[in-house]
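> Could you look at this predicted model? Sequence included:
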Amino acid sequence: MAQATFAAGCFWGVEEAFRTLPGVTKTTVGYTGGTVESPTYERVCSGRTGHAESVLVEYDPARVTYEQLLDVFWNEHDPTTLNRQGPDVGTQYRSAVFFHDAAQQAAASASKERLERSGRFRRPIVTEIVPASTFYPAEEYHQQYFSKQGRTCHR
């Protein structure tokens, strides 16, 4: 199994998009990219921890490629809005790829460049591509939130 970490706004909808993808074996919503140890949802929402709401994706590379995960990531949000997705505003909702190795870094950078050249977006892509840091799982009630609530994302 391999791991990938993405931030694309509210983690509930992003998790659902990855969780239902064939080849993904597990998803965990949580917080990464910040400076506070063991952050809570309330602290992350304050915008003062530096963390982004993120999804840790565990996947089988024989069934789904990292590039396919990147495609889901780009399609799941607007990568041109800085620190905002829909009604959610703040650095905790930033767009980011947290790479786990050099191959992921190269793939994410190439994917971003292709998307920029495609003309799909009129504004520049502001997605960060940065090394993965400590990932803190969110509280249990956030895990598979939409599935538990029988709801779908507002996207």
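Here it is on my side, so go on.

> where exactly do the strands run in the protein?
2-8, 24-32, 52-59, 84-85, 88-89, 95-99, 128-131, 136-137 (DSSP state E).

> and the ones you listed as TSV, adding distance to E113, mean neighbour count and mean pLDDT?
Where C-beta positions appear, they are placed from N, C-alpha and C, glycine not excepted. TSV is the format used below for the strands of the chain (distance: least, Cβ to Cβ, whole Å; neighbours: other Cβ atoms under 10 Å; pLDDT from 0 to 100):
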stretch	distance to E113	mean neighbour count	mean pLDDT
strand 2-8	17	24	97
strand 24-32	24	20	97
strand 52-59	22	25	97
strand 84-85	22	20	92
strand 88-89	27	14	92
strand 95-99	13	24	98
strand 128-131	10	15	98
strand 136-137	31	16	96
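
> closest to E67 out of those?
strand 2-8 (10.7 Å; Cβ to Cβ).

> partner strands of that closest one, parallel or antiparallel?
strand 52-59 (antiparallel), strand 95-99 (antiparallel) (DSSP bridges).

> any chance of the strands of the chain in CSV, plus distance to S118?
Converted to CSV, the strands of the chain look like this (distance: least, Cβ to Cβ, whole Å):
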stretch, distance to S118
strand 2-8, 18
strand 24-32, 25
strand 52-59, 24
strand 84-85, 20
strand 88-89, 26
strand 95-99, 17
strand 128-131, 17
strand 136-137, 34
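
> Noted, bye for now.
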